[in-house]
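# when you get a sec, could you give me coordinates for this:
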Amino acid sequence: MWKLIKLEWKKNNIMKYVRNAAIVTAVLLVFVISMAGELEMTAFAEGNGKALLNVTVGLFVHMSYIVFTGVMLASFVVGAYEKKTMNLMFSYPISRHKILLSKVFAVWIFNFIAMVVSKSVIFGALLLTRPLTHITTGIRFGSLSFWMEILVESAAMVSISYISLPIGLAMKSSKAAIVASVIIVCFTQGNIGSFTLMNNLFFYAVLFVTAIFSVYLAVRNVEVKDLL
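Prediction:
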């Protein structure tokens with residue numbers, strides 16, 4: 001399986017996605033630093049301590065990588081059906097399940113690592129530039145709870161994006177998968193007035209289970225099903 005995953009990265013030019021993830025992280029960092037002072041003032045005025053800045057970093061990173069994951073799923077999986085390259089891959093003497101799951105895991109592993117690195121870089125940069133910006137995050141890099149939160153949130157957010165996979169496959173459209181991931185962002189990270197589903201653990205748990213079921217729908221009949 002690991003060899004198939006590495007083959008998927010090589011075949012889809014993973015360095016292009018590494019570059020794009022680096023650009024996303026840099027843009028988010030500039031954006032957060034530019035508004036960090038205002039966020040700290042608001043947090044202090046509302047009595048929220050330093051939490052608002054950290055929540056904002058999480059919000060924009062989550063939004064970015066849910067869509068980023070959807071784009072990669074559209075390219076790695078749905079696009080393979082659209083371009084008929086899956087026909088060739090399924091002619092190999094390898095289980096179709098393994099081939100399809102290698103694509104699924106290749107996207108998940110990359111985006112999980114990319115999101116963890118992105119958050120770490122942003123928080124680290126905020127700490128390193130503190131003498132100049134006077135921004136205080138309250139983050140403790142040596143804290144186990146800090147890293148556990150980043151790992152769990154990253155795994156959950158990347159997984160949630162997989163709900164877009166069966167939609168793209170059902171509609172035979174990469175664009176549909178990307179649009180679905182954008183809708184997922186609006187649904188999970190947005191708010192209507194004061195109502196929001198952000199940080200609702202029960203809601204995220206339901207979405208996580210839905211994402212697993214979505215992957216199951218994508219691969220369940222692949223051994224006997226005709227190609228799209």
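
# worst-scoring helix or strand of this structure, pLDDT-wise?
strand 195-196 (a mean of 54; mean pLDDT, DSSP states H and E).

# report the buried residues of the helix or strand following that strand.
Counting by DSSP states H and E, the next helix or strand C-terminal to strand 195-196 is helix 201-219. The neighbour-count check on helix 201-219 (16 or more other CB atoms under 10 Å) flags 204, 207-208, 211, 214-215, 218-219 as buried. Yep, even glycine has a C-beta here, placed from its N, CA and C like the rest.

# what packs against helix 201-219?
helix 96-128, helix 144-160, helix 164-171, helix 174-189 (3 or more CB pairs under 8 Å, 6 or more residues apart in numbering; DSSP states H and E).

# which residues sit against stretch 152-170?
58, 62, 65-67, 69-70, 73-74, 77-78, 81, 104, 108, 111-112, 115-116, 119, 174, 176-178, 180-181, 184, 188, 204, 207-208, 210-212, 214-215, 217-218, 228 (CB atoms under 8 Å, 6 or more residues apart in numbering).

# so for the buried residues of helix 201-219, which is the shakiest by pLDDT?
Within the buried residues of helix 201-219, pLDDT reaches its minimum at residue 204, with 74.

# show me the contacts for it.
156, 160, 188.

# mind checking how far it is from residue 58?
13 Å (CB to CB, to the nearest Å).

# what does residue 222 give?
35 Å.

# show me which of these two is the more surrounded one.
Neighbour count, other CB atoms under 10 Å: between residue 222 and residue 58, residue 58 has more, with 21 against 17.

# could you report the pLDDT at the more buried one?
84.

# got a list of what it touches?
119, 153.

# ok, it to residue 150 distance?
Residue 58 is 9 Å from residue 150, by CB to CB.

# so what sits against both of these two?
residue 119.

# tell me the one of the buried residues of helix 201-219 nearest residue 92?
residue 219 (16.3 Å; CB to CB).

# what separation do you get for the closest one and residue 116?
Applying CB to CB to residue 219 and residue 116 gives a distance of 26 Å.
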